[in-house]
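**Q** I would like the atomic coordinates for the input below:
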Amino acid sequence: MISEMSMDTRKPGSSRNIEQTSLCSADICGVVVVYNPGKTLAENVERLSSQVSRVVLIDNGSKTEYHSRIEATASQRVEVLGNARNLGIAAALNQGLRRADELGYPWAITLDQDSRPTPDMIERLCDAFGCIGEPDRLVILAPQIFNLGLDKPTYYLKPRFGPFYHRARCQEGILESVSTVITSGSLINVDIFQKMGGYREDFFMDYVDTEFCLRARREGYNIVVACEARLDHVLGNRKEVRVGRLRMYPTYHSPQRWYTISRNRITMIRMYALRFPHWFAYEIVASWYTLARMLLLERDRAKKIRAIWRGFLDGLRGKMGEGA
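**A** Okay, the predicted model is just below:
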């Protein structure tokens, strides 16, 4: 396990003012969670650390052979913390946000190990902050996500009325009142995050970001996408497959991952279907599409179906946690 490095814990120049009307890089701490990272880690961390005041990197139980690659990212601006085992993405992100809070940062931006910020991403986010009404109610400001290797635009879920929803493109300016965004690239208000209790660690990984976003929206907070800020993001093993005129993007998840998705989906529906009927309607459509795509294009279908059924039952029972 990689031990915590000795770091200067001096608070950044900007004060933590709940009525903050402007945002700059000195206000922001980067949080990166890694697990058996690839060779692009050093470049991605360098891109982030050149744009923010400090980076906290959480090694979430990586194998020993990856430790040297992770340790190589450490510098005066990059602090490395290590976990003896994989605690799940939610727990690791909570660690990083707590550390940002201890260091006095009012904002923290969370990134996956494969996410690559453009050189002006933070600058663009800071510019967009000045265009937001009621900034004290802003919990997340996110960049526009560009999926590397996929010719597929990013759409953002917004409510219309009742169960009807709209999948909006972010083309210019800002896109306000978005229902959910992914964790990678999320610029998070640290005070609000702490008051809300952080991410749900019993989810372990899937739906961690969706649950936090819907909980924040339920409590009256705003989620905004800055259209001019860009994050290049890798979506795991996904690749385009053509079926006639259709373009499909299988995830190739393992049976264990399908179990977690199924279990957490049922938990989410129980919590939020009535409060956010537009999200529930979208979730039903997306779930059936994802299932059909798996049945048509992926291997080990029988194992995955059994895992989905087991996750469904555990979700009904409220049985949560890692591999419950």
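
**Q** checking my notes, Tyr282 in a helix, right?
**A** Yes - counting by DSSP: H, G, I helix; E, B strand; the rest coil, Tyr282 falls inside a helix.

**Q** so it sits against Lys158, correct?
**A** No - with contact defined as CB atoms under 8 Å, Tyr282 does not reach Lys158; the gap is 10.1 Å. The C-beta positions use only the backbone N, C-alpha and C, and glycine is treated the same way.

**Q** anything in contact with each of those two?
**A** Listed as contacting both Tyr282 and Lys158 by CB atoms under 8 Å, 6 or more residues apart in numbering are 165, 167.

**Q** which one of the two is surrounded by more residues?
**A** Neighbours were counted for Tyr282 and for Lys158 using other CB atoms under 10 Å; Tyr282 has more, 20 against 16.

**Q** give the rounded mean pLDDT of the top strand by length along the chain.
**A** The residue-count maximum for a strand in the chain (DSSP state E) belongs to strand 222-233. Taken as a whole, strand 222-233 has a mean pLDDT of 94.

**Q** and it, what does it pack onto?
**A** Contact partners of strand 222-233 among helices and strands, from 3 or more CB pairs under 8 Å, 6 or more residues apart in numbering; DSSP states H and E: strand 116-117, helix 121-129, strand 138-147, strand 174-175, helix 208-218.

**Q** tilt between that strand and strand 138-147?
**A** Strand 222-233 and strand 138-147 meet at an angle of 30 degrees, taking axes from the mean of the first three to the mean of the last three CA atoms, to 10 degrees as the criterion.

**Q** strand 222-233 pairs with which strands, parallel or anti?
**A** strand 116-117 (antiparallel), strand 138-147 (parallel), strand 174-175 (antiparallel) (DSSP bridges).

**Q** pipe the helices and strands packed on strand 222-233 into TSV and attach mean pLDDT and distance to Leu87 per row.
**A** Listed next are the helices and strands packed on strand 222-233 as TSV, based on pLDDT from 0 to 100; distance: least, CB to CB, whole Å:
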stretch	mean pLDDT	distance to Leu87
strand 116-117	92	25
helix 121-129	95	28
strand 138-147	93	22
strand 174-175	95	33
helix 208-218	98	12
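
**Q** can you put those in a markdown table and add mean neighbour count and distance to Ile188?
**A** As requested, the helices and strands packed on strand 222-233 are arranged in a markdown table below (neighbours: other CB atoms under 10 Å; distance: least, CB to CB, whole Å):
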| stretch | mean neighbour count | distance to Ile188 |
| --- | --- | --- |
| strand 116-117 | 22 | 15 |
| helix 121-129 | 21 | 12 |
| strand 138-147 | 23 | 6 |
| strand 174-175 | 20 | 17 |
| helix 208-218 | 21 | 9 |
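
**Q** show me what contacts the most centrally placed residue in the chain?
**A** The centre of the chain sits closest to Thr183, judged by CA atoms, centre = their mean, with a distance of 1.2 Å. Shown in contact with Thr183 (CB under 8 Å, 6+ apart): 89, 93, 110, 112, 208-209.

**Q** next one: Arg47
**A** 116-117, 119.

**Q** likewise for Gly185?
**A** 109-111, 115, 117, 121, 142-143, 145, 231, 233.

**Q** distance of it from Lys303?
**A** Per CB to CB, to the nearest Å, Gly185 is found 33 Å from Lys303.
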